[in-house]
Each structure stands twice: as structure tokens, then as C-alpha cells.
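**Q** here is a sequence with its predicted model. Questions after.
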Amino acid sequence: MQLTPARAWLAAGPLLALMAAALLLPFGWRSADLLHACLSGGSSGGPSGGDCALHELWADRFYVDAIVRTIALSAGSTALGLMLGLGAALHLVAHPRWEKPVTVLAGLGANFAGVPLALALTLLLGSQGVLTTLARHAGLLQGWDLNSDVGLLLAFTAFQVPLALVLLMAPVRLLDPALAEAAATLGAPPATFWRRVGLPLLAPSLVEAASLLFANAAAAYATPFALAGTASPVLAVRIAAAVSGDIFSQPELATALSLAMALLLLTVIVGGRLLAARLRRSA
């Protein structure tokens, strides 16, 4: 039997419906409950938003700081991941004999986030890590802390670079080498070629990759939690802490944080797709 697109959707339909129900129904139920509490609290004549977790979220600097730090870490690791991943992709296209092994390693590295990555970084760069101990004996890294913002940025970048390489290999491979050769023949330096030709052609793919990398970092939970536990200053860990609670759970606050996370991811992903489509139309 030939597998047509219609038959493929029909076969995958039950599983997709189950996944959508498992993901969207609890989130929709909690979100509707939160919005009802906020609307009824604001119109009941009592204290404005007294029962609304959204007001508690924006009034508490602790949670606002988690949102700001999540955006900053995601943006920083995305920029570093794109820069290093694009450089690696260009090098592999120029040296194709390394492409297969490096692509395999990049695929493994893109899935290395979480506890394995946190354990590797702790053994190497933790307070008693091998590299940290050697550096401190040499008088370096005296104030280094893997659990700081710089340490988290390093951890995020560690799984962003291989993912960026996987995402950018195909677009870079589609660049016509004849364009670079023609530019070199005409005497144009490489920097001019990339500024006027290479980067404009790659811009849509870079925007799409950036949106996916940002979302990947913003939703990261296992790596920062494995490094710093519930003290990790990122939004995903704050959501989990509000659900489970070190002392008591706060499901309404967890729902408010989840709404902020969903809005952030939706804005970045949809905005990236729209911007990439506009760049492709104008190219």
C-alpha cells in the first residue's frame, strides 16, 4: 500500500490528537481558571486583583527577574550559538571529508542537554572541577562560579552550538560556490561578498534558526535545575518550583508563569517565521 500524505495524516491522527489533548487541556483549564479569578477579583469590588496571580507575578521582583534573566540568557546563548554554528557549518562545507563525523557528533551534542551536560560541566568547571582547580593553582578563575549567570550562559551555549550546526548545515550547503568564486575573480574581498551576498541569502534561515534556538534555551529546564536546583534563576525552574513547592505549592502562580512562558515562545517562534518569510519574499 502506497503511503500518501492523506494516509499518513490519518495514521498519525489519533496519536496527534492524544498529544494535543494531553498538552492543551490541562493548560487551557488552568489558564481559564486563572483568568476567571483575575476577572472576578477585579470586578467584585474587593481589592483590585487580590486573587489574581498575574498581579502577584508582576509585583514580585523575584519572578520578574527570572523572566528577564531567561530572556537575556536565551538571547546571549542564541547569538553565540549562531555565530559558532555558522562558522562550523561553513568550515564543514569547505572541508567535506569532516562533514559526516562532525554532523553525527553535532546530532549527539544537540541532545546532550540536561543532567549529562550538567554533570560534565560540574566535573570540569564546578567549584572542585578539574579545569577550575588547575586554573586556580595558576592564579586564574578565582571568582568563578558555574552557577552564576556566566556559568549558565556557558551551559546553554554548549547545547546551542551543535543544534545551530544541525539547523544551518542545509542552508549553507545550498549556497552556490560559484558566487564566491566570481566575487574573488572580480577582486571583491571575502568580507564584502558575505556582507552583500552571503548573509542576505542566509538571512531567512538565520532568523528561523535564531527563533528555534531562543525557544530551546528559554524552555530549558533539566540543565539549569541539575546545576543549581530550585535556586536556578530561570523561568522554567521557577514554574516547576511553584508547582511542587519547597514549602507549599502555588498552582495559580505556576499557571501565570506558564502563560508568560507560552507568550514569550509564541512571540519568538511566530515572529521568526513571519520575518523569515518576509526576507525570502524580498530576496
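**A** Arrived safely, thanks for sending.

**Q** output the below-cut-off pLDDT ranges for this structure.
**A** The chain contains residues with pLDDT under 70 at 1, 41-51, 110, 176-198, 245-249, 283.

**Q** off-centre distance for the longest helix anywhere in it?
**A** Using DSSP state H, we find that the single longest helix of the chain is helix 5-43. When C-alpha coordinates are averaged (Cα atoms, centre = their mean, to the nearest Å), helix 5-43 and its chain have centres 23 Å apart.

**Q** show me where the stretch 151-283 of the chain has strands.
**A** Shown for the stretch 151-283 of the chain, no strands are assigned by DSSP state E, counting those that start in this stretch.

**Q** got the domain boundaries for this structure?
**A** 21-49, 52-282 (automatic domain parsing).

**Q** and the longest one, end to end?
**A** As for domain 52-282, its first-to-last residue distance stands at 45 Å under the measure Cα to Cα, to the nearest Å.

**Q** rewinding a little: packing partners for the longest helix of the chain?
**A** When contacts are defined as 3 or more Cβ pairs under 8 Å, 6 or more residues apart in numbering; DSSP states H and E, helix 5-43 packs onto helix 53-59, helix 251-282. Heads up, the C-betas are built off the backbone N, CA and C, glycines and all.

**Q** measure Ala32 to Val207 for me?
**A** Computed as Cβ to Cβ, to the nearest Å, the Ala32 to Val207 distance reads 34 Å.

**Q** looking at the two, which is more packed in?
**A** More crowded of Ala32 and Val207, by other Cβ atoms under 10 Å: Val207, with 21 against 11.

**Q** related to what we said a few turns ago, export the helices and strands packed on helix 5-43 to a markdown table and tack on mean neighbour count and distance to Leu105?
**A** Listed next are these as a markdown table, based on neighbours: other Cβ atoms under 10 Å; distance: least, Cβ to Cβ, whole Å:
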| stretch | mean neighbour count | distance to Leu105 |
| --- | --- | --- |
| helix 53-59 | 17 | 41 |
| helix 251-282 | 16 | 26 |
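
**Q** please identify which of those helices is closest to Leu124.
**A** helix 251-282 (30.0 Å; Cβ to Cβ).

**Q** what number of residues lie near the closest residue to Gly129 other than its chain neighbours?
**A** Among residues not flanking Gly129 along the chain, Leu123 sits closest, at 5.8 Å (Cβ to Cβ, 6 or more residues apart in numbering). As a burial measure, Leu123 scores 13 neighbours (other Cβ under 10 Å).

**Q** got the contact list for Pro204?
**A** 276-277, 279-280, 283 (Cβ atoms under 8 Å, 6 or more residues apart in numbering).

**Q** do that again at 7 Å, thanks
**A** 276, 279-280 (Cβ atoms under 7 Å, 6 or more residues apart in numbering).

**Q** out of the residues you listed, which one sits closest to Leu141?
**A** Of the contacts of Pro204, the one sitting nearest to Leu141 (Cβ to Cβ) turns out to be Ala276, at 39.7 Å.

**Q** next, Trp144: phi, psi?
**A** phi -70, psi 140 (degrees, to the nearest 10).

**Q** could you say which helix or strand contains the closest residue to it other than its chain neighbours?
**A** Nearest residue to Trp144, sequence neighbours excluded (Cβ to Cβ, 6+ apart): Thr132, at 6.1 Å. Using DSSP states H and E, Thr132 falls within helix 130-137.

**Q** flag every buried residue along that helix.
**A** Thr132 (16 or more other Cβ atoms under 10 Å).

**Q** contacting residues around that helix?
**A** Outside helix 130-137, the residues that reach it (Cβ under 7 Å, 6+ apart) are 123-126, 141-142, 144.

**Q** how far does it sit from the chain's center?
**A** With Cα atoms, centre = their mean, you get 30 Å for helix 130-137.
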